[in-house]
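Participant: build the 3D model from these lines:
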Amino acid sequence: MNGLLEFLTSFPTLLHSAVIFGTVILFGALGEILTEKGGNLNLGVPGIMYMGGIAGLASTFLYENVYCANAGITPNTAICVILCLVSTFLAAALGGLIYSFLTITLRTNQNVTGLTLTIFGAGLGNFFGGSLNKLAGGVGQVNVNVTSEAFRAYSTKLVDFFDGFTGKLGLGTLLFSYGFLTYVAIIIAVAIWFFLDKTRTGLSLRSVGENTATADAAGIPVTKYKYLATCIGAGISGFGGTYYVMNYIKGTWENQGTIEALGWLAVALVIFATWKPLRSIWGAYLFGILYWAYNYIGGLNRSTIELFKMLPYVFTLLVLITVSLRRRKEDQPPASLGLPYFREER
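Facilitator: Numbers count the residues shown, from 1 in each chain. The predicted model follows:
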């Protein structure tokens, strides 16, 4: 009873942590949803998040701690943020381009290529992360304080204003005490939903993912759509890596495999959300609550904690079973997902 009471009392704090945790996997899932709607199954999401995270960190580290330090000037916050975001997107999109070239042009197996991309991205990230550690003077010495603080900044006046009305509920803290990328993730989710469901181009992309041969026969440039969806989707997923680096661990680098674990959670979230961008928003935060709930329940041993960390995957399996039994078409993956397309066989 005391454990339950403690959990309920600390639930607002848990929800706050869940939003930050969930935003990391939300970016990864949104990029993968866009990719899979075009018919490509990219299991390289963890590697792409690594590539995005290390690119954003490396570019701002070189600007803050090398260029500005040598020039004796103060780093410009706007340049830090823009440089980080552009570097992240380009590096992650490059990962998507590699995957696209191999699977669309060379027609390699999508599952094998995606898994290889995950290994490649993790190796690339840890290699350059280790190099940055040496450059900074040792393990744990990498820091980009100006950039990280810019990503984590929020309006204290707005938080205090709403907290003043809601008291212990802390509605202001719960809604407005996050960095700007948290809200960007939600905006991107809404934008992808609108694009896929309300625009002609989005409907064409969905038709490519549902029946590639029919879309090709209708005059839709299948290869172009697949390349763009995969590369842009990878770029979006890459922001998950940067969010983890800048917001979650505050502008440093660690090589404990956490980004890879979060990348697989992002893939699970795609299935949990049944390929719907809006559903992935609350799904990401639910994953965060399930994953971190053990921190707010006292008296748990290590085995029980590990069971709590498994809950997001358990819920995903339950959704898979439910979807399979109900067989609702709108909850099914794109019909051509993961299938190679040979125009000559049309």
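
Participant: show me where pLDDT drops low in the stretch 151-300 of the chain?
Facilitator: Residues of the stretch 151-300 of the chain that meet the criterion pLDDT under 70 lie in 166-169, 298-299.

Participant: now with 80?
Facilitator: Scanning the stretch 151-300 of the chain for pLDDT under 80 picks out 161-171, 293-300.

Participant: would you map the helices across it?
Facilitator: In the stretch 151-300 of the chain, the helices defined using DSSP state H, counting those that start in this stretch lie at 156-166, 171-176, 180-198, 200-210, 212-217, 222-243, 258-272, 277-292.

Participant: just name the most buried of those helices.
Facilitator: helix 222-243 (a mean of 26; mean count of other C-beta atoms under 10 Å). Glycine gets a C-beta too; all of them are placed from N, C-alpha and C.

Participant: between it and helix 200-210, how many degrees?
Facilitator: Relative orientation of helix 222-243 versus helix 200-210 (axes from the mean of the first three to the mean of the last three C-alpha atoms, to 10 degrees): 100 degrees.

Participant: helix 222-243 packs against which elements?
Facilitator: Helices and strands touching helix 222-243, by 3 or more C-beta pairs under 8 Å, 6 or more residues apart in numbering; DSSP states H and E, are helix 11-37, helix 45-61, helix 77-100, helix 180-198, helix 200-210, helix 212-217, helix 258-272.

Participant: what would these look like in CSV with distance to residue 126?
Facilitator: Shown next, in CSV, are these (distance: least, C-beta to C-beta, whole Å):
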stretch, distance to residue 126
helix 11-37, 18
helix 45-61, 8
helix 77-100, 15
helix 180-198, 23
helix 200-210, 33
helix 212-217, 36
helix 258-272, 10
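
Participant: nearest to residue 236, of those helices?
Facilitator: helix 11-37 (3.6 Å; C-beta to C-beta).

Participant: in the closest one, what counts as buried?
Facilitator: By neighbour count on 16 or more other C-beta atoms under 10 Å, the buried set for helix 11-37 is 14-37.

Participant: cool, stretch 71-78 as well?
Facilitator: Under the neighbour-count criterion of 16+ other C-beta under 10 Å, stretch 71-78 has residue 75 buried.

Participant: what's next to stretch 258-272, contact-wise?
Facilitator: 24-29, 32-33, 36, 43, 45-50, 53, 118, 122, 125, 237, 240-241, 244, 280, 283-284, 287, 291, 312-313, 315-316, 319-320 (C-beta atoms under 8 Å, 6 or more residues apart in numbering).

Participant: 6 Å instead, please
Facilitator: 24-25, 28-29, 32-33, 45-46, 49-50, 122, 241, 244, 280, 283-284, 312-313, 316, 319 (C-beta atoms under 6 Å, 6 or more residues apart in numbering).

Participant: cool, and stretch 201-214?
Facilitator: 37-39, 195-196, 215, 220, 222, 225, 229, 334-336, 341, 346.

Participant: also stretch 330-345?
Facilitator: Identification of contacts with stretch 330-345 by C-beta under 6 Å, 6+ apart yields 36, 39, 41, 107, 110, 209-210, 212, 274, 323.

Participant: between these, which sits nearest residue 165?
Facilitator: Distance to residue 165, by C-beta to C-beta, is smallest for residue 274 among the contacts of stretch 330-345, at 36.6 Å.

Participant: how close does the closest residue to that closest one other than its chain neighbours sit to residue 203?
Facilitator: Once flanking residues are discounted, residue 274 sits nearest to residue 331: 4.3 Å by C-beta to C-beta, 6 or more residues apart in numbering. Distance, residue 331 to residue 203, by C-beta to C-beta, to the nearest Å: 18 Å.

Participant: residue 319 now?
Facilitator: 25 Å.
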